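Novice: how does the following fold in three dimensions:
(one chain, ligands or ions: 1)
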Amino acid sequence: MKFFVDTAEIDAIRELHALGMVDGVTTNPSLIMKSGRDIKEVTKEICDLVDGPVSAETVALDADGMIAEGRELAKIAENIAIKVPLTWAGLKACKVLTDEGRMVNVTLCFSANQALLAAKAGAAFISPFIGRLDDINLDGMELIHDIRVIYDNYGYETQILAASIRTVNHMTEAAKIGADVATAPPAVIKAMANHVLTDKGLDAFMADWAKTGQKIL
Ligand code: E4P
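Specialist: Numbering: from 1, shown residues only. Here you go, the predicted structure:
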């Protein structure tokens with residue numbers, strides 16, 4: 001499973017990138033707002049750092065506006081994936097931008113039918129939002145599963161980009177189901193390294209090592 005980082009914070013992306021953990025980046029208007037940076041400036045910095053797809057989201061609500069903004073965002077770098085919302089206008093923009101040879105990430109997907117439409121419109125990525133479904137007591141992971149089955153039934157090449165990931169368990173489950181990509185906040189990716197038995201084992205090894213009085217260097 002590919003890892004995208006869901007942030008517009010350059011330092012956090014740089015830290016994970018140095019460990020080979022970053023296959024791409026996703027941003028959205030809220031993440032740009034949190035970064036306090038200019039969208040084009042920060043997106044360019046991210047694209048210079050990361051080779052994989054970097055999603056930058058349009059904010060127009062009509063198809064023509066999304067298409068114009070998408071073309072503008074695509075000028076930032078070769079690896080821009082234009083993010084459009086899963087509305088009828090977004091699907092129209094997806095088809096036009098995809099036919100121009102651009103990568104499109106259709107976002108704010110909350111149903112299997114929406115995902116089916118995005119695949120038919122040629123999306124490179126579909127972003128089902130797991131956490132936001134869980135927030136309203138629905139099963140976000142079931143949606144990832146349903147989309148996987150449907151895409152595999154018909155051989156759609158649209159990549160399932162599991163989004164709105166809040167926990168390390170979301171990462172495990174998305175990987176088990178076979179999501180092509182998971183995009184997660186840096187803290188979730190880092191938390192995947194944690195295990196209470198690792199900490200306990202390390203404490204015990206350190207205590208025993210101190211008793212030997214030895215040094216390696
Ligand atoms: C994905 O592309 C979105 O930016 C993101 O995953 C949304 O996550 P949230 O629901 O935690 O805001």
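Novice: can you tell me which residue sits nearest the middle of this structure?
Specialist: T183 (2.6 Å; Cα atoms, centre = their mean).
Novice: pretty sure that residue sits against V5.
Specialist: Yes: contact criterion Cβ atoms under 8 Å: T183 and V5 qualify, at 7.0 Å. C-beta coordinates here come from the backbone N, C-alpha and C atoms, glycine included.
Novice: longest helix in this structure, by residue count?
Specialist: Using DSSP state H, we find that the single longest helix of the chain is helix 196-212.
Novice: can you list the residues of the chain near the ligand?
Specialist: When proximity is defined as Cβ under 6 Å from any ligand atom, the chain approaches the ligand at D6, T26, N28, T107, S127, F129, G131, R132, A163, S164, T183.
Novice: who wins for most neighbours among those?
Specialist: A163 (31 neighbours; other Cβ atoms under 10 Å).
Novice: give me phi/psi at that residue?
Specialist: Main-chain dihedrals, A163, degrees, to the nearest 10: phi -120, psi 180.
Novice: SS state for the closest residue to it other than its chain neighbours?
Specialist: Closest residue to A163 apart from its sequence neighbours, by Cβ to Cβ, 6 or more residues apart in numbering: S127 at 4.2 Å. At S127 the chain is in strand, as set by DSSP: H, G, I helix; E, B strand; the rest coil.
Novice: could I get the contacting residues of S127?
Specialist: T26, K83, N105, V106, T107, L108, C109, L161, A162, A163, T183 (Cβ atoms under 8 Å, 6 or more residues apart in numbering).
Novice: so what's the last one scoring on pLDDT?
Specialist: The predicted local distance difference test score for T183 is 98.
Novice: just checking, what packs against the host helix or strand of it?
Specialist: Assigned by DSSP states H and E, T183 belongs to strand 181-184. Judged by 3 or more Cβ pairs under 8 Å, 6 or more residues apart in numbering; DSSP states H and E, the packing partners of strand 181-184 are strand 2-6, strand 24-26, strand 159-162, helix 168-177.
Novice: which two from the contacts of S127 end up farthest apart in space?
Specialist: Within the contacts of S127, K83 and A162 form the most distant pair, 15.0 Å apart (Cβ to Cβ).
Novice: neighbour count winner among these two?
Specialist: Higher neighbour count among K83 and A162: A162, with 31 against 27, using other Cβ under 10 Å.
Novice: pretty sure S164 is touching M141, no?
Specialist: No: under the contact definition of Cβ under 8 Å, S164 does not touch M141, with a separation of 11.4 Å.
Novice: need the overlap of contacts for these two.
Specialist: Counting by Cβ under 8 Å, 6+ apart, the residues touching both S164 and M141 are I130.
Novice: would you mind writing the CA trace of stretch 8-26 as PDB?
Specialist: Presented in PDB, the C-alpha positions along stretch 8-26 are these (Å, rounded to 0.1, in the frame of the first residue of the first chain):
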ATOM      1  CA  ALA A   8       0.600  20.900   4.000                       C
ATOM      2  CA  GLU A   9       3.300  21.200   6.700                       C
ATOM      3  CA  ILE A  10       6.600  21.000   4.900                       C
ATOM      4  CA  ASP A  11       8.700  20.000   7.900                       C
ATOM      5  CA  ALA A  12       6.400  17.000   8.700                       C
ATOM      6  CA  ILE A  13       6.600  15.900   5.000                       C
ATOM      7  CA  ARG A  14      10.400  16.300   5.000                       C
ATOM      8  CA  GLU A  15      10.800  14.200   8.100                       C
ATOM      9  CA  LEU A  16       8.700  11.300   6.700                       C
ATOM     10  CA  HIS A  17      10.200  11.600   3.300                       C
ATOM     11  CA  ALA A  18      13.700  11.100   4.700                       C
ATOM     12  CA  LEU A  19      12.600   7.700   5.900                       C
ATOM     13  CA  GLY A  20      11.100   6.700   2.500                       C
ATOM     14  CA  MET A  21       7.600   6.800   3.900                       C
ATOM     15  CA  VAL A  22       6.100   9.300   1.400                       C
ATOM     16  CA  ASP A  23       4.700   8.100  -1.900                       C
ATOM     17  CA  GLY A  24       2.600  11.300  -2.300                       C
ATOM     18  CA  VAL A  25       0.900  14.100  -0.500                       C
ATOM     19  CA  THR A  26      -2.800  15.200  -0.200                       C
END
